[in-house]
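Undergrad: predicted model and sequence follow; I will ask about them next.
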Amino acid sequence: MAEQRLSEHVTLLRGVDDGTYPRGNPLLVRGGDTTVQIDASLDHAAPDVDLVLISHYHEDHVVGLGETKAAVSVHERDLPGVHSWDDFIRLMDVDAETFGEDMRRKFRWSERPDAQGFGDDAVIDVGGGVRIHAVPLPGHTIGHTGFLIEPDGVLYIADVDLMAFGPMYADLGSTLADVRTTLKRCAEVDAGIYTTFHHKGPYFDRDDYLADLAVHAGALDAREERLRALLAEGPITPQEAVGRGVVYRVDGRRPWYADAVEEVMVAQHLAELEGAPG
Ligand SMILES: [Zn+2]
């Protein structure tokens, strides 16, 4: 769980297994007398800093929020999922039976009804000339947000995780259109250093970053191609497409949530293909 200094004001808090899910790599931002932690992970739960800034409401980013007096802030569209467990379950689009008490305990989830929401153009003045700019990156969740820390030029893109597996868009309100816009946005923001929450990075070379971003984004086309191949055999429902290699490899490891996630994501691709001309 090493700390890695990225720039004058930004430190990466590396989790076990390089922050592979369920773990992660939050950031610590210091300016003036103020300390902000971006996301709270299993290895770096929410501490008693001035502010815990959350990229999105998912369980692996909000560990121990109920155990700290720190102020909590998250994009207003994800705010309900931090305010209440019922809304967390509703937004996750899973039934409480499946997710349930085990997960709640494992991630030390507790509601923070006092958490504040911020908007798309939010700028957080940390102090000492340090500012954190919200960079809206919706799709993974409706309120998923990256942060650009200036003047250091560090861009944190959270769960746009740059893995070759590709993006996840199975939340309530997730859309493929948003994911595509977000991937473009990630390519446009010109920063000096790029970090994600899980495993990949940090990147100190823009070309390395863009190369991994292209591989990550390319998974969308590959999924679409595999779905087209299934469709060539005849019409198919999202449910029927589960387990046939569109999102998860047929012979690969399937996490417990794979069926639900694959069905929702295939439905999005089918809707997109149906809406597309020709
Ligand atoms: Zn997430």
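TA: Received, thanks. Numbering: from 1, shown residues only.

Undergrad: what is the burial count for residue 5?
TA: Residue 5 is flanked by 10 other residues according to other Cβ atoms under 10 Å. For every residue, glycine as well, the C-beta is placed using N, CA and C.

Undergrad: who's it bridged to?
TA: Beta bridges link residue 5 to residue 11 when assigned by DSSP bridges.

Undergrad: how about the residues of the stretch 1-150 of the chain near the ion?
TA: residue 58 (Cβ under 5 Å from the ion).

Undergrad: tell me where the stretch 1-150 of the chain has strands.
TA: Listed in chain order, the strands of the stretch 1-150 of the chain (DSSP state E, counting those that start in this stretch) span 3-5, 10-13, 27-31, 34-38, 51-54, 71-75, 116-118, 123-127, 130-136, 145-150.

Undergrad: in CSV, list those along with distance to residue 176 and mean pLDDT.
TA: Shown next, in CSV, are the strands of the stretch 1-150 of the chain (distance: least, Cβ to Cβ, whole Å; pLDDT from 0 to 100):
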stretch, distance to residue 176, mean pLDDT
strand 3-5, 34, 97
strand 10-13, 30, 98
strand 27-31, 28, 98
strand 34-38, 26, 98
strand 51-54, 24, 98
strand 71-75, 20, 98
strand 116-118, 25, 98
strand 123-127, 29, 97
strand 130-136, 17, 98
strand 145-150, 19, 98
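
Undergrad: now the spatially most central residue of the chain: phi and psi?
TA: What sits nearest the mean C-alpha location of the chain, by Cα atoms, centre = their mean, is residue 159, with 2.6 Å. Main-chain dihedrals, residue 159, degrees, to the nearest 10: phi -90, psi 10.

Undergrad: ok, now the one 3 residues further on?
TA: Note on residue 162: its backbone torsions stand at phi 70, psi 10 [degrees, to the nearest 10].

Undergrad: my guess is it meets residue 210, correct?
TA: No. Look at residue 162 against residue 210 with Cβ atoms under 8 Å: they stay out of range, at 10.2 Å.
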